[in-house]
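# Here is a sequence together with a model predicted from it:
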Amino acid sequence: MKAKIREQRIPGVEKEQAKKYPVLLAEDDPVSLRLLEKKLKDWGYRVFKARNGKKAWELLKTARVRIAILDWMMPALEGPELCSRLRQIRKPHYTYLILLTARNTSLDIVQGLEAGADDYMTKPINLMELQARLKAAHRIIELEENLLKTQKKLQKLATTDSLTGAWNRRTVLEFLREELNRYRRGGPPFGLLMIDLDHFKNINDQYGHQAGDIVLKQLVQLIKINLRNYDRVGRYGGDELLILLPGSDVYHTGLVAARLLSLAKETKIRINQRLQLGLTMSIGGTSADSISKPKPETIVQTADRALYLAKKLGRYRVILFGDSVKLPVEEEDHG
Amino acid sequence: MVKKNQVALPINLEEALNRIGGDEAFLKELLEIYRDEFINLSQQLEKAIELKNYSMIAENGHTLKGASANLSLPALREAAWEMEMAGKNQDLEAARKALTALKKEFHRLEKFLSEKNKN
């Protein structure tokens, strides 16, 4: 007795999964095309169809196709050529490629897989086998999705401050070095601001550290939405922020600093339903064009000293330093 | 394995139905698509033979072979394969023969299906 080939019944969960992975079906024979289309739809897939290689290529490039079932022999563009073309372009997501072939010599299989196919099937298609291979495709796509997610998460963990979402110290200093390199090669100047909240310790002491955290978080938000999207806001330490302003010379840096100063003063920070806090900050700053031989350390140090003076002179003010300002402590410079 | 009394039939209905989960209405739809495609491809084959366009002969033969295989049409599949080979071997005589065989088998299929529908 010949064993009857029966399709597996599809549980709802798998149909839901299938919905997430639109399938491109490229096949020049209309009978196969209709047969596969109907089955794929029954299984829950969204289906894009192409009757020749050219159309298939257009869809592969643009549509959000996650799985492609490509006939080997098609007019204009054949399956293996489509595979290798797709592997050469960058798509945000991996596309799982299944080649269909009437042939089944091992040489063809090697040729297909080397062109970039993940799997191949021989025609006529056994639907139960196709179902099983699509499940394998789901596994690979999920693995890739999880990998990307983890990568993104790690990237975020490694570069940002978890409390405020600002760049962490290491990353914002990295941006500073990049910006400085650009400036040295003749690029535009840039500004650096160091911001410190006035009497931040009192907030922590009086309302608790949670309140202090909320203040920091909201302050970073406030600053971010009031800067250009290519300005970099970083958390330098406790309540100190470092802001990098690409393209800003000393005048523009001063203007931005003054704007942030009054912005913070005008804004009430809401801790909870009953408590709102007003606060001020002190800002020290410098810019690449106001230092004759800028180095990363000198730039940060200069901003830091300006901030120190701003605090010393009574807080809630902006101080900018450059080369012409005699610093309280002489730098050890070999030049 | 194919039973002996089915070998001569133009379509292996059991196998074809099995492949699509026993859906008779869907098989009917697929056969209608096949019919249109056959008429289209056989016209193109005639033209290809006339123009001695061997790659067109091979390509159309190949497409027809795939469609026939999907619907379990053994004799049509065989004739389509002959057509594909004729194109590859650049054998015009074999292509003409294959076209005659295709038309004959197609006619037999149509007759079989219409008789089946009467019953």
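Here it is on my side, so go on. Numbering: from 1, shown residues only, chains lettered A, B, ... in the order given.
# Show me what the mean pLDDT comes to for the helix or strand hosting residue A:177.
For residue A:177, the host element (DSSP states H and E) is helix A:169-184. The average pLDDT within helix A:169-184 is 95.
# And that helix, what does it pack against?
When contacts are defined as 3 or more C-beta pairs under 8 Å, 6 or more residues apart in numbering or on different chains; DSSP states H and E, helix A:169-184 packs onto strand A:190-197, strand A:232-237, strand A:240-246, helix A:296-312. The way it works is simple: take the backbone N, C-alpha and C, and place the C-beta from them, glycine included.
# Buried deepest among those, which one?
Highest mean neighbour count of those: strand A:190-197, a mean of 26 (counted as mean count of other C-beta atoms under 10 Å in any protein chain shown).
# Parallel or antiparallel, list what pairs with it.
If you go by DSSP bridges, strand A:190-197 pairs up with strand A:240-246 (antiparallel), strand A:281-287 (antiparallel).
# Dump those strands to a markdown table, plus distance to residue B:113.
What follows is these, written out as a markdown table (distance: least, C-beta to C-beta, whole Å):
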| stretch | distance to residue B:113 |
| --- | --- |
| strand A:240-246 | 74 |
| strand A:281-287 | 85 |
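# Let me have these in a markdown table, adding mean pLDDT and distance to residue A:40 as columns.
Below are those laid out as a markdown table (pLDDT from 0 to 100; distance: least, C-beta to C-beta, whole Å):
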| stretch | mean pLDDT | distance to residue A:40 |
| --- | --- | --- |
| strand A:240-246 | 97 | 49 |
| strand A:281-287 | 96 | 60 |
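# Among the helices and strands packed on helix A:169-184, which comes closest to residue A:122?
strand A:232-237 (55.6 Å; C-beta to C-beta).
# how about low-confidence regions in chain B?
B:1-7, B:119 (pLDDT under 70).
# run the last query once more with 50
Low-confidence segments of chain B, defined by pLDDT under 50: B:2, B:6.
# Near chain A, which residues of it are found?
Applying C-beta under 8 Å from any C-beta of the partner chain, one finds that chain B approaches chain A through B:1, B:18-21, B:26, B:29-30, B:33-34, B:36-37, B:59, B:62-67, B:69-71.
# so is residue A:121 in a helix, a strand, or just coil?
strand (DSSP: H, G, I helix; E, B strand; the rest coil).
# before we move on, which element is the closest residue to it other than its chain neighbours in?
Excluding the flanking residues, the one nearest residue A:121 by C-beta to C-beta, 6 or more residues apart in numbering or on different chains is residue A:100, at 5.6 Å. Taking DSSP H and E as the criterion, residue A:100 maps to strand A:96-101.
# Give me the contacts around that strand.
A:27, A:32, A:66-73, A:79-80, A:82-83, A:86, A:108, A:112, A:116-123, A:125, A:133, A:137, A:140-141 (C-beta atoms under 8 Å, 6 or more residues apart in numbering or on different chains).
# re earlier: residues contacting the helix holding residue A:177, please?
A:159-160, A:166-167, A:187-190, A:192, A:232-237, A:242, A:244, A:246, A:288, A:294-296, A:299-300.
# let's see it at 10 Å
A:158-161, A:166-168, A:187-192, A:231-237, A:240-247, A:287-289, A:293-297, A:299-300 (C-beta atoms under 10 Å, 6 or more residues apart in numbering or on different chains).
# Distance from the chain centre to that helix, please.
Taking C-alpha atoms, centre = their mean, to the nearest Å, one finds helix A:169-184 lying 19 Å from the centre of the chain it belongs to.
# Stretch A:124-144 now?
Relative to its chain's centre, stretch A:124-144 lies at 30 Å (C-alpha atoms, centre = their mean).
# cool, stretch A:183-197 as well?
That offset, for stretch A:183-197, works out to 24 Å (C-alpha atoms, centre = their mean).
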